[in-house]
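A.B. asks: What follows is a predicted protein model with its sequence.
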Protein chains: 2
Amino acid sequence: MNKRRTGSRSTGRTTIEDVARHAGVSAITVSRALRTPDSVSKPLRERIGQAVATLGYVPNRAARTLASARSNSVAVLVPSLSNQVFVDVLAGIRDVLGPRGYQLLIGNNLYDAAEEERLLMAYLEHHPDGLLLTGLQQSPRARAALAGSGVPTVHMMDLMADHSVTSVGFSQPAAGYAMTRHLLERGHRRIAFMAAQLDERTLKRRDGYRQALDEAGHGDYCAEISSPAASSVGLGVELTAQLLAEHPAIDAVFCCNDDLALGALFHCQRRGIPVPQHLAIAGFNDLGFGACSVPALTTVATPRYHIGVRAAELLLARIDNPALDAETLDLGFELQTRESA
Amino acid sequence: MNKRRTGSRSTGRTTIEDVARHAGVSAITVSRALRTPDSVSKPLRERIGQAVATLGYVPNRAARTLASARSNSVAVLVPSLSNQVFVDVLAGIRDVLGPRGYQLLIGNNLYDAAEEERLLMAYLEHHPDGLLLTGLQQSPRARAALAGSGVPTVHMMDLMADHSVTSVGFSQPAAGYAMTRHLLERGHRRIAFMAAQLDERTLKRRDGYRQALDEAGHGDYCAEISSPAASSVGLGVELTAQLLAEHPAIDAVFCCNDDLALGALFHCQRRGIPVPQHLAIAGFNDLGFGACSVPALTTVATPRYHIGVRAAELLLARIDNPALDAETLDLGFELQTRESA
DNA sequence: CTGAAAGCGCTTACAG
DNA sequence: CTGAAAGCGCTTACAG
């Protein structure tokens, strides 16, 4: 009885036609029963439900996307998943977009602009309903593709000064400045800056650090150290050793993230250097372990989860109304003063 | 000259037809030039390339997937992204599948079987070419959908005893057993077990722990503590405090992962409890920071990245030849004996 | 509430 | 090396 198509291109998979035949209705009615159950009478709805179950029917998303011109997906590009910061951002996005029925296409560009461009091009082929990008410094080609696609986009983490695109985050330079001011106010004068990769946000935090030192008249003493390697606790140990060897007189180090700061802490413990008495250590992000390390870590709490939530909400608004003006949303940051600095 | 379609359902987006018209060739030739450039003569290839560039043409993936019945995507389900373990697994997968042109659909099920089922159903609609799952304990419905879909699947982390499915990982009970043996051999007798969520792998490690204690005649003293909360350093601090309050006599604690172990370490530092003299602390996974903590962490090194690599390779083989027999690949583990235990 | 027709934008299979 | 026709599996827009 099962008149299956046997055309040369048939995939043999159960289609909506099979379900329709099994339930004795038309394909369009099955489609309705699946998408808007209320628009189909109860008896039919039930017959169709049973047919779906017995046939093990799985809708074909490619066909739906093609026919409806809506992918129900949002692409998210982050520079790293090893960095807990972006995992938290993703959690916020997911908590907003998941319940709204959007599927997330998550791309990790490994802090590489070329890879970001490649991923963006690949995701654009999905015609996502929206795009969530990290930072503001996309490559020219990426920017052009973005503009050409017309896909609503929100940038996360950094704030666009001229409000030409929608961005959600906090002021990186202000955060770097605030932490450096804190160290200065604690009486430190020879404050070093430590970073792993010098990405967009790191450079901006460093700008804030430099500005604070300049204003305080300590701009001449800038011990800065960084590494092209990915950030890690182990790298923090290494860089601290190197820093102290090259600049034995420093009395504080502002680490660009908490992992590096923990490494600095471990190095000092290992060497018997009292923290913060001989060396004050500050981190960035407030990743959780800083609250219980010994000494507890002074750091900058950043609204990562909240950035994800608000970025997703702004994106939703822009998907509903593409004509919306670009906006800039500053979610701020908070100094967490604990024991290490 | 630009005769654009104006049908009621036109999306207005640039299509392969537009490119073809612009280049003065047929759509099928454009399709070939894009997929297999060598099958098109050089002059045409160049004309088409220019048309693509000037029109800003982006292929529609839904249409390609529908027409070709191949999605060129692989869905990966992991229980967490906060746990660095799975980020490392993903890196291995990506390094194998990326160069082969596969796009990854990454799903995070938050250690929840119902969410895993939901994600699986959603990803099945994409008709992925392959599936990479974490663990072996999918829900009955998920298992049924999996079988019905016929999509090649590889399970990661745990090993399937009866070889009924393809799995890549290491023996969790053996690893739990090995670490407990190590603690026993160091002279510890009152060894506690600490875990966050009791997921599949944690339970198996605990089995190994119990077996080792039983064999050594210490099965009667099983101090075990766990929490439904997500694992974190802070949780490790809390659980250690609780453990020591309830079982002051314990002389070692086997933490189910390194984050908990670091928390245990911090708690001891804070309380002035010498490690390992008064309390030996062991971790699991060897996440990197354990090598530089003070004291350095004794832990079990697990082949996470390699699991991702080999799982992806096995999946590729099964995509090419779905008739392949299921296999079980044990990548082993390694005890990292350092200072803390 | 239900259905017949057309179309979404590609690729396959067949020709030449 | 290039192309005309058909089809992938859905949904839209129009009827009734």
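C.D. replies: Sure thing, it's come through. Numbering: from 1, shown residues only, chains lettered A, B, ... in the order given.

A.B. asks: From now on I want contacts and neighbour counts done on CA atoms only, so please keep to that.
C.D. replies: Noted.

A.B. asks: Break chain A down into its structural domains.
C.D. replies: Listed by automatic domain parsing, the domain ranges of chain A are A:16-59, A:72-170+A:305-333, A:172-301.

A.B. asks: Put together TSV for the ones you listed, with distance to B:L239, mean neighbour count and mean pLDDT on each row.
C.D. replies: Converted to TSV, the domains of chain A look like this (distance: least, Cα to Cα, whole Å; neighbours: other Cα atoms under 10 Å in any protein chain shown; pLDDT from 0 to 100):
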stretch	distance to B:L239	mean neighbour count	mean pLDDT
domain A:16-59	45	17	90
domain A:72-170+A:305-333	22	19	95
domain A:172-301	13	20	96
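
A.B. asks: got CSV for those domains, with distance to DNA strand C too?
C.D. replies: Converted to CSV, these look like this (distance: least, Cα to the nearest atom of the strand, whole Å):
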stretch, distance to DNA strand C
domain A:16-59, 3
domain A:72-170+A:305-333, 8
domain A:172-301, 34
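
A.B. asks: ok, residues contacting stretch A:199-206?
C.D. replies: Stretch A:199-206 has contacts (Cα atoms under 8 Å, 6 or more residues apart in numbering or on different chains) with A:111, A:135, A:137, A:158, A:172-177, A:193, A:195, A:256.

A.B. asks: mind redoing it with 6 Å?
C.D. replies: A:172-173, A:176 (Cα atoms under 6 Å, 6 or more residues apart in numbering or on different chains).

A.B. asks: How about stretch A:185-196?
C.D. replies: Contacts of stretch A:185-196 (Cα under 6 Å, 6+ apart): A:223-227, A:231, A:250-256.

A.B. asks: do the same with stretch A:245-263
C.D. replies: With Cα under 6 Å, 6+ apart, stretch A:245-263 has contacts from A:190-195, A:232-234, A:236-237, A:279-284.

A.B. asks: next one: stretch A:28-37
C.D. replies: Applying Cα under 6 Å, 6+ apart, the contact partners of stretch A:28-37 are A:40, A:45.

A.B. asks: Could you see whether DNA strand D lies near that stretch?
C.D. replies: Yes: between stretch A:28-37 and DNA strand D, judged by Cα under 7 Å from any atom of the strand, the touching residues are A:28, A:31-32, A:35.

A.B. asks: Name the helix or strand for the residue positioned nearest the centre of chain A, please.
C.D. replies: Relative to the mean C-alpha position of chain A, the nearest C-alpha, by Cα atoms, centre = their mean, is the one of A:F86, at 4.0 Å. Per DSSP states H and E: A:F86 is located in helix A:84-97.

A.B. asks: again, but for A:V237
C.D. replies: Assessed by DSSP H and E, A:V237 sits inside helix A:233-246.

A.B. asks: quick one: A:R94 from A:R310, how far?
C.D. replies: Plainly put, A:R94 is 11 Å away from A:R310 if you go by Cα to Cα, to the nearest Å.

A.B. asks: looking at this, A:V300 is in a strand?
C.D. replies: Yes: applying DSSP: H, G, I helix; E, B strand; the rest coil, one finds A:V300 inside a strand.

A.B. asks: quick one: contacts for it?
C.D. replies: Applying Cα under 6 Å, 6+ apart, we find A:V300 in contact with A:284-286, A:334-336.

A.B. asks: ok, and the closest non-adjacent residue to A:L297?
C.D. replies: The spatially closest residue to A:L297, leaving aside those adjacent along the chain, is A:G290, at 4.7 Å (Cα to Cα, 6 or more residues apart in numbering or on different chains).

A.B. asks: Dump the C-alpha coordinates for the helix or strand where A:T202 lies into PDB.
C.D. replies: Element membership for A:T202 (DSSP H and E) is helix A:200-215. C-alpha atoms of helix A:200-215 as PDB (Å, rounded to 0.1, in the frame of the first residue of the first chain):
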ATOM      1  CA  GLU A 200      41.200  44.300  20.900                       C
ATOM      2  CA  ARG A 201      40.000  44.300  24.500                       C
ATOM      3  CA  THR A 202      43.400  43.800  26.000                       C
ATOM      4  CA  LEU A 203      44.800  46.700  24.100                       C
ATOM      5  CA  LYS A 204      41.900  48.900  25.300                       C
ATOM      6  CA  ARG A 205      42.500  47.900  28.900                       C
ATOM      7  CA  ARG A 206      46.100  48.700  28.500                       C
ATOM      8  CA  ASP A 207      45.200  52.100  27.200                       C
ATOM      9  CA  GLY A 208      43.300  52.800  30.400                       C
ATOM     10  CA  TYR A 209      46.300  51.500  32.400                       C
ATOM     11  CA  ARG A 210      48.700  53.800  30.600                       C
ATOM     12  CA  GLN A 211      46.400  56.800  30.900                       C
ATOM     13  CA  ALA A 212      46.100  56.300  34.700                       C
ATOM     14  CA  LEU A 213      49.900  56.100  35.000                       C
ATOM     15  CA  ASP A 214      50.400  59.100  32.800                       C
ATOM     16  CA  GLU A 215      48.000  61.200  34.800                       C
END
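
A.B. asks: how distant is that helix from the center of its chain?
C.D. replies: Remark: helix A:200-215 is offset 22 Å from the chain centroid, using Cα atoms, centre = their mean, to the nearest Å.

A.B. asks: Can you name the next helix or strand after that helix?
C.D. replies: Sequence order places strand A:224-226 as the next helix or strand after helix A:200-215, per DSSP H and E.

A.B. asks: Check which helices and strands that next one is in contact with.
C.D. replies: Secondary-structure packing of strand A:224-226 (3 or more Cα pairs under 6 Å, 6 or more residues apart in numbering or on different chains; DSSP states H and E): strand A:191-195.

A.B. asks: Compute the inter-axis angle for the strand it packs on and helix A:233-246.
C.D. replies: Per axes from the mean of the first three to the mean of the last three Cα atoms, to 10 degrees, the angle that strand A:191-195 makes with helix A:233-246 is 140 degrees.

A.B. asks: Export only the CA atoms of strand A:191-195, formatted as PDB.
C.D. replies: Backbone C-alpha positions of strand A:191-195 (Å, rounded to 0.1, in the frame of the first residue of the first chain) are rendered in PDB as follows:
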ATOM      1  CA  ILE A 191      52.800  48.900  38.400                       C
ATOM      2  CA  ALA A 192      53.400  46.400  35.600                       C
ATOM      3  CA  PHE A 193      50.800  45.200  33.000                       C
ATOM      4  CA  MET A 194      50.600  41.600  32.000                       C
ATOM      5  CA  ALA A 195      48.700  40.100  29.000                       C
END
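
A.B. asks: Which strands border that strand, and is each parallel or antiparallel?
C.D. replies: strand A:224-226 (parallel), strand A:252-255 (parallel) (DSSP bridges).

A.B. asks: Of all the ones you listed, which one is nearest A:G101?
C.D. replies: Checking the strands paired with strand A:191-195 against A:G101 by Cα to Cα gives strand A:252-255 as the closest, at 39.4 Å.

A.B. asks: how far out from the middle of the chain is the closest one?
C.D. replies: On Cα atoms, centre = their mean, the centre of strand A:252-255 falls 25 Å from that of its chain.

A.B. asks: Now the element after that strand, going C-ward?
C.D. replies: helix A:258-271.

A.B. asks: Near chain B, which residues of the stretch 151-300 of chain A are found?
C.D. replies: Counting by Cα under 6 Å from any Cα of the partner chain, the residues of the stretch 151-300 of chain A close to chain B are A:233, A:266, A:289, A:293.

A.B. asks: For A:R189, give its distance to A:L260.
C.D. replies: From A:R189 across to A:L260, the span is 21 Å (Cα to Cα).
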